[in-house]
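Engineer: Fold the following for me, if possible:
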Amino acid sequence: MDLKKSLQDAKIIKIAIIDDDLSNDICTADLLSIDGDVAALLGDPHDPDYEAYIGVLTKHGLKIETIPDLATPLSDKAILEEAPTRLSDAVHKILEARHDNAAPVRRVLKLLEDGGLLTKNIDFYSSPLIPADKFYDLIIVDYYLVRNSNQQTLPFIDTVITAHKDCDNPLQVILMSTHVTQLQSEFRSIRPLLKASSSRMRIMGKPMTDDDLIHWKTALHQLASDRPFVSAVEDFVSETSKGLELAARDQANKLWELDLQAMDILHETATLDNDDFCRYVEECISRHLLTALESYTGIRSSLRVLGDSLMEHRNTNVIAPVAEIGDSRAAIRGLMRSMEWRGGPSLDHTTYPAQSSALNKAQWLKKSLRFGMVLRSNDGTEWLNLTQACDLAQAKEDAFDKVSLLLISGVRSRPLNQEKNQAMVYLSSTATDTETEILGWNLRNIRTPSIQEFAEDFVNGWSGLGELRLDQAQSIAATYSSRASRVGLQRRLSSWHLQGTALLAGTLSEADPESVLAGTPLTGHAMSRGNSDELHIDRESMSSIIEAFPASINEELLRAYMGVQLKAGNKLINETLLIYCKEKPSSMRDLKFLINHDNWLSNGQNKAKLVLAVWHA
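Structural biologist: Next up is the predicted model:
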């Protein structure tokens, strides 16, 4: 990763750094933070230092009655040098503290200079104000910019972006702070407020140590790579947002045209279809909204432009997940999950009449259970209900013990170990963002309890997990019926978590073969990319590697952080060895066996090389 070349290719030449830690301005609030007594003397006419200070101000031609804050003249070096010792000492302490606080900014400056940026092209500002005739390629802004407050920061950034909107190349932004926790809590709200995509703006913690600069180097490289795509990405987001707003407004207006007869027709249709009235109306509205959205041509035009650019770019580049403090992959995971799972509540088991008669329980089940619901039994197994709605709806009370349900067993598996056959149907996303296993359905393992039997068993720890979208559930039902895949399903992204370990080759070579697997623990994620999987080491693990093996930082290590495409069971060998294990090695012996092709470990030249071993979490 050649940062200098990346910045040059992207024409990132002029940079502004805006941080109040770079300021020499003084106010009474600053004095209060150091010494309340010193601040108090500015309001005490009887204090000798007050009299001396007023004399200095008068000497310099300042009129006391026109100065709203008597501490502000101390920002002037000439006045500070002549001010009473108590005041000058307090100001020096303030400036020393700011100098220490500005250490991360100096690290960023050095990184930029090492990346080929000329010092004369890097401007510094201590307040949210940039002259109107100044234009930049990148601005780096402290989030808590004015008096440890962020109130002026986002409006300032928005103003600067607007001022640069007619420039040949888009302005890019890095928003930074030492208060990483607070920034993470506001992470998702910042970009919508600024209407700035991640291709334009990165949100980073300030580099408190030199080790943190690896994340900054990655972020700068990504910003440079993304710069040609900023307009295309933001055009898509803008057009889609506009289309959603227009479609939603049109939908909302047309809902007022529905009268009681229309609602009666919807209810009758849902009833005749043996469907839940709420779900039926929700489906009608969502499809109407989708139709209105699809008719908006701006989205398609912007997507065509973006798609053409991505196709060309993907031939030569791996687009890595965004290097910043938040989870940059949450959005794509949410999109993929929404293609398979409905939102909102599922089966309300709190209304189950546990103390009532068997007939009441069966009546409750008949009313509550819906096609496509995913239930969880007391042993933790998921079961998908594929019972036809009409079978439930038309069941007579005296036949509750004769009408059977159709429940398909769920199977949790890791993407690398999925059984490939027509009897297994897998989802592409996890049910929640915290899970690591994919849920699938074993069409060979079914349950067919009667309505009465299942209603009485429901009290034994059964609960509702969620509800698949109708087309997803229908596809599984079709596969169950015909054992043939349904044509036309859209492909989904398959992504999973990784675990691993990092250690030196010499350490592994000399380790007791029977000892348990050791090293610096790693986490990461992988996603299916055609015939290979794309592997990424997570940000925190990268920091741990840098801390544990500072001499092993190289281009191969950065590739593991940025993204490497590799098949399970294969490895990459260069200055760093990366092996993608099919299963977690149970001991040092197993890891040695997987790695030691052509006696690589016994080669003395490899002892100082870093070994990264990863496997499915």
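
Engineer: okay, now the closest residue to Ala560 other than its chain neighbours: neighbour count?
Structural biologist: Distance criterion CB to CB, 6 or more residues apart in numbering; nearest residue to Ala560, sequence neighbours excluded, is Ile537 at 4.9 Å. All C-beta atoms are positioned from the backbone trio N, CA, C, and that covers glycine. By other CB atoms under 10 Å, 27 other residues sit near Ile537.

Engineer: Identify the bridge partners of Ile537.
Structural biologist: Assessed by DSSP bridges, Ile537 has beta-bridge partners Gly524.

Engineer: how about it, what does it touch?
Structural biologist: Counting by CB atoms under 8 Å, 6 or more residues apart in numbering, Ile537 touches 500, 522-524, 545, 560-561, 612, 614.

Engineer: quick check, nearest of these to Gly116?
Structural biologist: Set against Gly116, the nearest of those by CB to CB is Tyr561 (21.7 Å).

Engineer: can you confirm the closest one is in a helix?
Structural biologist: Yes - checked against DSSP: H, G, I helix; E, B strand; the rest coil, Tyr561 lies within a helix.

Engineer: any idea which helix or strand comes after the top helix by length along the chain?
Structural biologist: Determined from DSSP state H, the single longest helix within the chain is helix 230-255. The helix or strand immediately downstream of helix 230-255 is helix 260-272, counting by DSSP states H and E.

Engineer: for Met542, helix, strand, or coil?
Structural biologist: Reduced to three states by three-state DSSP, Met542 is helix.

Engineer: Can you give me the separation between the closest residue to it other than its chain neighbours and Ile54?
Structural biologist: Leaving aside its sequence neighbours, Met542 sits nearest to Tyr561 (CB to CB, 6+ apart; 4.9 Å). Using CB to CB, to the nearest Å, one obtains 59 Å as the distance from Tyr561 to Ile54.

Engineer: swap in Arg444?
Structural biologist: 92 Å.

Engineer: Looking at the two, which one has more neighbours?
Structural biologist: For Arg444 versus Ile54, neighbours defined as other CB under 10 Å are more numerous around Ile54 (15 against 11).

Engineer: Glu51 versus the closest residue to the more buried one other than its chain neighbours, what's the distance?
Structural biologist: With sequence-adjacent residues excluded and distances taken as CB to CB, 6+ apart, Ile54 is closest to Ile64, at 6.2 Å. Ile64 sits 12 Å away from Glu51, going by CB to CB.

Engineer: what's the answer for Pro104, then?
Structural biologist: Counting by CB to CB, the gap from Pro104 to Glu51 is 41 Å.

Engineer: Neighbour count for these two, which is higher?
Structural biologist: Between Pro104 and Glu51, Pro104 has the larger neighbour count (other CB under 10 Å), namely 22 against 13.

Engineer: which ones are touching the more buried one?
Structural biologist: Counted by CB under 8 Å, 6+ apart, Pro104 has contacts 176, 178, 206-208.

Engineer: which residue sits closest to it, ignoring its sequence neighbours?
Structural biologist: Nearest to Pro104 is Lys206, by CB to CB, 6+ apart, at 3.7 Å.

Engineer: ok, that neighbour - contacts?
Structural biologist: Counting by CB under 8 Å, 6+ apart, Lys206 touches 104-105, 108, 142, 176-178, 212.

Engineer: so of those residues, which ones are in helices?
Structural biologist: The members of the contacts of Lys206 that map onto helices under DSSP H are 104-105, 108.

Engineer: Make JSON lines out of the residues you listed and add pLDDT.
Structural biologist: Listed next are those as JSON lines, based on pLDDT from 0 to 100:
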{"residue": "Pro104", "pLDDT": "93"}
{"residue": "Val105", "pLDDT": "92"}
{"residue": "Val108", "pLDDT": "94"}
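
Engineer: Closest to Lys584 out of these?
Structural biologist: Out of the ones in helices among the contacts of Lys206, the member with the shortest distance to Lys584 (by CB to CB) is Pro104, at 37.7 Å.

Engineer: so where is the chain shaky, pLDDT-wise?
Structural biologist: 1, 313-321, 327-328, 415-419, 421-422, 430-436, 483-491, 598 (pLDDT under 70).

Engineer: ok, back up a step: hang on, isn't the residue nearest to Ile54 packed against Leu57?
Structural biologist: Yes - with contact defined as CB atoms under 8 Å, Ile64 reaches Leu57; the gap is 6.4 Å.

Engineer: residues shared between the contacts of these two?
Structural biologist: Leu70.

Engineer: The two - which one has more neighbours?
Structural biologist: More crowded of Ile64 and Leu57, by other CB under 10 Å: Leu57, with 19 against 11.

Engineer: Without its sequence neighbours, what residue ends up closest to the more buried one?
Structural biologist: Pro73 (5.8 Å).
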